[in-house]
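*Asks:* For reference, the sequence and a predicted model appear below.
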Amino acid sequence: MYDDVVTKRYAHILDEDRLALANEMEEKFYNAVPTKQAQIDRDNKSNIDADEIATMISNNPELLTKILQSIQSANKS
């Protein structure tokens, strides 16, 4: 009987703690600051422009064939 009274009296505290912890974890996960390496990788990816790609393809025509094959196989899936 005493356990039942304690459970009814304090159960909401545990629920509030769980909710607060879940909200904190979600906020930290989705609003995380990217690491320096992730930022460098992202910057490097965005530095490739159309002129560079055209130069790469003109220097290596097989690259265009591989790109087209890759696109075709992706569209089939």
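*Replies:* That came through fine. Numbers count the residues shown, from 1 in each chain.
*Asks:* mind giving me the domain split of the protein?
*Replies:* Each structural domain of the chain that the record assigns through automatic domain parsing is listed here as a residue range: 1-32, 34-77.
*Asks:* ok, which stretches of this structure are helices?
*Replies:* Ranges of helices within the chain are 2-30, 36-46, 50-59, 61-76, based on DSSP state H.
*Asks:* rewinding a little: lowest average pLDDT across the domains of the chain?
*Replies:* When the domains of the chain are ranked by mean pLDDT, domain 1-32 comes last with a mean of 74.
*Asks:* So K66 versus D51, what's the distance?
*Replies:* Counting by Cβ to Cβ, to the nearest Å, the gap from K66 to D51 is 20 Å. (C-beta placed from N, C-alpha, C; glycine too.)
*Asks:* same deal with N75?
*Replies:* From N75 across to D51, the span is 26 Å (Cβ to Cβ).
*Asks:* same deal with L19?
*Replies:* According to Cβ to Cβ, L19 and D51 sit 52 Å apart.
*Asks:* Also I57?
*Replies:* From I57 over to D51 (counting by Cβ to Cβ), the distance is 11 Å.
*Asks:* When these two are compared, which one has more neighbours?
*Replies:* Relative neighbour count places I57 above the other of I57 and D51, with 14 against 8, counting by other Cβ atoms under 10 Å.
*Asks:* Which residue is the nearest non-sequential neighbour of that one?
*Replies:* L64 (4.9 Å; Cβ to Cβ, 6 or more residues apart in numbering).
*Asks:* OK, contacts around E52?
*Replies:* When contacts are counted by Cβ atoms under 8 Å, 6 or more residues apart in numbering, E52 touches no other residue.
*Asks:* same deal with I67?
*Replies:* Residues counted as contacts of I67 (Cβ under 8 Å, 6+ apart) are I57.
*Asks:* which parts of stretch 53-60 are buried?
*Replies:* Buried residues in stretch 53-60, counting neighbours by 16 or more other Cβ atoms under 10 Å, are absent.
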